[in-house]
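[1] can you look at this prediction? I've put the sequence above it.
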Amino acid sequence: MINQLKKLTKSSLIAAVILFSTSITFAQNQKDSVHIDLKKAIEIGLSESPSMRIADRDIQIKQQYKKEQIVSLFPDVSLSGSYQYTILKQSMAMSMGGQDMNIKVGKDHNYSVGASLSLPLIVPSLWSSLKLSQMDIELAMENARSSKLELINQIKQAYYTYLVAQQAYDVLQQSYANTQASNELVNKQYQQGLVSSFEKLRSDVSLQNLRPDVTSAAKTANLAYMRLKIILGLDINEPVIFDGHLDDYENEVLNAKVPTLSDINLEENSSLKQLDMGIQQLQQSKKIIKGSSCPSLALSGSLMYNGMGDTGGSFNNFPYSVIGLGLSVPIVSWAGTSYKLKQADLNIENMQDQRVDIERNLRLGAQSYLNDMQQAIENLASDKETMLQAEEAYNIAKKQYEVGMNTWLDLNTTELMLTSTRLTYCQSLFNYLTAKASLDALVGQN
């Protein structure tokens with residue numbers, strides 16, 4: 001029994017040294033650290049996120065494609081030129097006046113230069129394609145907004161997770177300090193013969209049982225800290241201090257008014273807006289299908305300059321130019337167009353049904369977040385009062401134990417109750433903040 005007590009006492013000293021040295025190291029690291037609050041974290045995340053840069057490039061790609069299509073509306077001018085040297089001239093045989101004659105045809109040098117022009121005047125399918133390209137740009141911009149909302153939600157969730165993990169670690173550290181103070185009091189009373197060795201052993205064991213919880217909480221807080229830095233695009237080894245405390249949001253939660261489901265507006269929900277844009281694109285695609293079966297009119301023209309001549313002789317030049325209109329009227333293609341239009345109509349109906357289904361699920365999700373927020377508010381008010389009562393009960397039990405009016409078991413029970421109520425209080429704050437962040441992302445708010 002005595003050897004066990006010595007081992008436990010030695011372990012307590014080692015644990016205290018470890019926690020003290022960890023606190024010193026953390027304080028030293030804070031000196032050169034950059035302080036970041038939630039607002040600054042969101043700004044850093046949006047500027048450093050690869051997904052946001054990819055979304056911006058997608059918008060630029062769509063914009064460049066639209067410009068490419070606009071160019072096709074302008075006149076298309078091309079230059080051409082050719083040169084030929086005759087090695088062996090072509091011969092022609094004929095009879096004139098009863099006499100056979102052989103005549104060589106052609107010149108040694110032949111060249112041709114010119115320019116041609118084409119301009120679409122009436123092309124319905126091309127005009128509809130331009131409108132579809134503009135819709136592609138708007139859809140890409142909405143995709144970028146969706147990525148932004150999702151990233152902001154991830155940053156908030158990670159930030160609140162770090163705060164609750166850090167506060168849980170602080171609560172367990174405080175619990176360890178309280179238990180350690182109680183253990184020192186038990187040891188003094190044991191040395192004075194006021195408590196039994198069994199009670200001292202239970203106090204030592206209780207202190208040792210808290211060590212794994214404190215260590216686990218420290219690891220959890222450290223992982224949440226590193227995960228938050230990764231989401232923000234920061235180096236894991238970069239010294240950063242995330243400002244704020246979970247208690248800072250207490251008044252906001254207690255004074256919050258949770259809206260009803262009828263108050264929730266999903267007009268800015270990114271998923272629904274993308275579906276609406278998809279339906280509009282399918283409707284525009286129908287116009288392209290119809291336009292491809294309509295007559296098209298184009299203007300064309302050319303200016304050519306031909307020349308020929310023999311070596312050492314004069315050259316003869318022959319310019320000519322033409323201008324005209326080209327009309328194309330599809331006839332048989334209407335048979336296939338009707339089937340394409342029916343396919344487009346079916347695709348539109350499918351997307352409309354998808355929208356109805358998604359909207360229902362979004363409203364269900366919104367109701368779930370509203371329930372979580374309301375429950376967290378109700379729990380927090382109760383948890384706050386319970387925590388204050390537990391603190392008072394612990395202080396009373398501690399004083400009573402010091403004067404010998406209760407047992408160590410009573411003191412340990414009130415300390416465990418205090419730790420439990422503090423952790424429950426933190427969890428209620430966390431539940432509200434995460435539900436609120438998810439609801440903001442669902443309704444399309446930054």
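    Looks like it came in fine. Only a predicted model underlies this, so the values are computations on that prediction, with no experimental measurement involved.
[2] could you pull out the strands in the stretch 101-250 of the chain for me?
    Assigned by DSSP state E, counting those that start in this stretch, the stretch 101-250 of the chain shows strands spanning 109-122, 240-242.
[3] where along the stretch 151-300 of the chain do the helices fall?
    Using DSSP state H, counting those that start in this stretch, the helices of the stretch 151-300 of the chain run over 197-231, 250-254, 270-292.
[4] nearest to K131, out of these?
    Proximity to K131 (CB to CB) singles out helix 270-292 among the helices of the stretch 151-300 of the chain, at 5.7 Å. To be clear about C-beta, it is placed using only N, CA and C from the backbone, and glycine gets the same treatment.
[5] list the buried ones in the closest one?
    By 16 or more other CB atoms under 10 Å, the buried positions in helix 270-292 come out as 270-282, 284-292.
[6] what packs against that helix?
    helix 124-191, helix 334-402 (3 or more CB pairs under 8 Å, 6 or more residues apart in numbering; DSSP states H and E).
[7] adding distance to S328, write the ones you listed out as TSV.
    Formatted as TSV, those follow (distance: least, CB to CB, whole Å):
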stretch	distance to S328
helix 124-191	11
helix 334-402	14
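[8] most packed of the ones you listed?
    helix 124-191 (a mean of 19; mean count of other CB atoms under 10 Å).
[9] for the record, mean pLDDT for it?
    What helix 124-191 shows for mean pLDDT is 89.
[10] and that helix, how far out from the chain middle?
    Helix 124-191 has its C-alpha centroid displaced from the chain centroid by 13 Å (CA atoms, centre = their mean, to the nearest Å).
[11] check stretch 365-385 too.
    The answer for stretch 365-385 is 27 Å, by CA atoms, centre = their mean.
[12] what about G97, how many residues nearby?
    Residues near G97, counting by other CB atoms under 10 Å, number 5.
[13] quick one, what contacts it?
    Contact criterion CB atoms under 8 Å, 6 or more residues apart in numbering gives no residues in contact with G97.
[14] and the closest residue to E48 other than its chain neighbours, what's its pLDDT?
    Once flanking residues are discounted, E48 sits nearest to G233: 3.1 Å by CB to CB, 6 or more residues apart in numbering. Per-residue pLDDT puts G233 at 87.
[15] ramachandran coordinates for the residue lying farthest from the centre of the chain?
    Here the chain reaches farthest from its C-alpha mean at G98, the gap being 94.0 Å by CA atoms, centre = their mean. The phi/psi pair for G98 (degrees, to the nearest 10) reads phi 80, psi 10.
[16] among the helices and strands packed on helix 270-292, which is nearest C426?
    Here helix 124-191 is closest among these (CB to CB), at 5.0 Å.
[17] report the angle between the closest one and helix 197-231.
    160 degrees (axes from the mean of the first three to the mean of the last three CA atoms, to 10 degrees).
[18] what about the residue nearest to the spatial centre of the chain, distance to Q400?
    Centroid-nearest residue in the chain: S147, 3.4 Å away (criterion: CA atoms, centre = their mean). According to CB to CB, to the nearest Å, S147 and Q400 sit 59 Å apart.
[19] the residue nearest to E48 contacts S51, correct?
    No - using CB atoms under 8 Å, G233 is not in contact with S51; the gap is 10.2 Å.
[20] if we can go back for a sec, just the strands of the stretch 101-250 of the chain: most buried one?
    Burial of the strands of the stretch 101-250 of the chain is given as mean neighbour count (mean count of other CB under 10 Å); strand 240-242 ranks first at a mean of 18.
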